[in-house]
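[1] here is the input, now give the coordinates:
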Amino acid sequence: MSLIETEGIVLKCHDLAEADRVVVVLTPDHGIVRAVAKGVKRLKSRYGSSLGPFNHVRLTYFQKEERELVSLQECELLRSNFQVAAEPQMLQLYSYLADLLLALVPPNDPNALVFRMTKACMASGKLNECEIGLIKTYFEIWLLRLSGYLIEWRKCYKCEREFYPDERPYVEAGLRFVCSACPKRTLAEFAPDGWYKVFHNVEKLPPTDVLAISDELNAAKEVSQLLVPVIERALDRSITTLRSVAVDGLIR
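    So this is what the prediction gives:
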C-alpha cells in the first residue's frame, strides 16, 4: 500500500450506499483516478465542499496494488468552480469536457499536458455562448492531438505541401486537408474561413489569449463541426452518445 499526494480536477461523483461516494479525478501524475470518499455525504464530512464537480483540489489517498479504487484520505480545495458550473451552459460545457476525458484518456495513464490543458480551460470563468464554443473547440483540438487522433493540418495530406495561412484547402472525410492542386474526393468541401488561424492559435496560445481574439469565435464553431467525425472515430461511436451532449445539443 502506498500513500500518494497530488493535485487533481474532480470530473464525476457517484453515490454509494450509506454516506460514501466514488469520486473520479483527473491528476497530472497518475492520470484518471477513482477514489472512495467515506462519509462524504454526512453533514459534518471532513471533505466539506471540496469534492464538488469540476473543483481543482489537492488530495491524498492510499493505493493498493491491483486495486482500481483508491481510498481517499484528505482533500483540500484549491479552486472552486461551483459558481461557474451553476450556469446551465457552463455546466453543459464542463460535463462535455469531462465525458470526452473519460472516453479518450485511459485510466491511471499520467499525462501532465492533458491535466494542464483541462485546468486552463476550466479556469476561464463564466463565458458567453460564442466563447463557450471557442473553449469547446480548443479542448477538442488539444485532446485529439494529445491522444494521437488529430491528423496533420499544416500541409496537404497528399502532396505534403505546406498551406499558406490565408489558403482554403478542401477537407475530405477524417479531417484530411487537401490542396486545390491535388485530386480530391467528390465529398470534399472547402475549409471554413479562418480555419488555419484557429488551429494555429489553439496550439500556440493559452485559452485566455485565444478568447481575446474575437474574430475566431465564429470560425471555431465551424472547425468544431469538422472535428465531429474525428472524435467519433476516436470514440468508436456517435458523439451524441455522450451524456451531456445528448441532453442539450451542445455540439450543434
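
[2] flag the shaky bits of the protein, pLDDT-wise.
    Counting by pLDDT under 70, the chain shows low-confidence ranges at 41, 43-44, 243-252.

[3] contact partners for the spatially most central residue of the chain?
    Nearest to the geometric centre of the chain sits residue 97, at 3.9 Å (C-alpha atoms, centre = their mean). Applying C-beta atoms under 8 Å, 6 or more residues apart in numbering to residue 97 gives the contacts 118, 121-122, 136, 139. C-beta coordinates here come from the backbone N, C-alpha and C atoms, glycine included.

[4] okay, those residues in a markdown table with secondary structure next?
    Shown next, in a markdown table, are these (DSSP: H, G, I helix; E, B strand; the rest coil):
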| residue | secondary structure |
| --- | --- |
| 118 | helix |
| 121 | helix |
| 122 | helix |
| 136 | helix |
| 139 | helix |
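
[5] closest to residue 202 among those residues?
    residue 139 (9.3 Å; C-beta to C-beta).

[6] ok, now how distant is that closest one from residue 97?
    According to C-beta to C-beta, to the nearest Å, residue 139 and residue 97 sit 5 Å apart.

[7] common neighbours of these two, please.
    Contact criterion C-beta under 8 Å, 6+ apart; residues bridging residue 139 and residue 97 by contacting each: 118, 121.

[8] residues in contact with stretch 164-182?
    So stretch 164-182 is in contact with 150-153, 155-159, 161, 163, 184-185, 187-191, 193, 195-197, 200, 226-227, 229-230, 233, going by C-beta under 8 Å, 6+ apart.

[9] and if we set it to 7 Å?
    Applying C-beta atoms under 7 Å, 6 or more residues apart in numbering, the set of residues contacting stretch 164-182 from outside is 151, 153, 156-159, 161, 163, 184-185, 187-191, 196-197, 226-227, 229-230, 233.

[10] in stretch 171-186, which residues are buried?
    171-172, 175-179, 184 (16 or more other C-beta atoms under 10 Å).

[11] all strands for the stretch 51-200 of the chain, in order.
    56-63, 69-79, 170-172, 176-178, 189-190 (DSSP state E, counting those that start in this stretch).

[12] please identify the deepest-packed of the ones you listed.
    Ranked by mean neighbour count, the strands of the stretch 51-200 of the chain are led by strand 176-178 with a mean of 21 (mean count of other C-beta atoms under 10 Å).

[13] coming back round to it: tell me which of the strands of the stretch 51-200 of the chain sits nearest to residue 211.
    With C-beta to C-beta as the criterion, residue 211 lies closest to strand 69-79 of these, at 18.2 Å.

[14] which elements pack onto the longest strand along the chain?
    Counting residues, the longest strand found in the chain (DSSP state E) is strand 2-15. Secondary-structure packing of strand 2-15 (3 or more C-beta pairs under 7 Å, 6 or more residues apart in numbering; DSSP states H and E): strand 21-27, strand 56-63, helix 88-104, helix 112-122.

[15] most tightly surrounded among these?
    Highest mean neighbour count of the helices and strands packed on strand 2-15: strand 21-27, a mean of 22 (counted as mean count of other C-beta under 10 Å).

[16] partner strands of that one and their direction?
    Strand 21-27 sits in its sheet next to strand 2-15 (antiparallel), strand 31-37 (antiparallel), going by DSSP bridges.

[17] wait, residue 134 sits on residue 209?
    No: contact between residue 134 and residue 209 fails when scored by C-beta atoms under 7 Å: they sit 11.3 Å apart.

[18] with neighbour numbers in mind, choose between these two.
    residue 134 (28 against 10; other C-beta atoms under 10 Å).

[19] leaving aside the residues adjacent along the chain, what's closest to that one?
    Excluding the flanking residues, the one nearest residue 134 by C-beta to C-beta, 6 or more residues apart in numbering is residue 220, at 4.4 Å.

[20] the one you found: neighbouring residues, count only.
    Residues lying near residue 220 (other C-beta under 10 Å) number 27.
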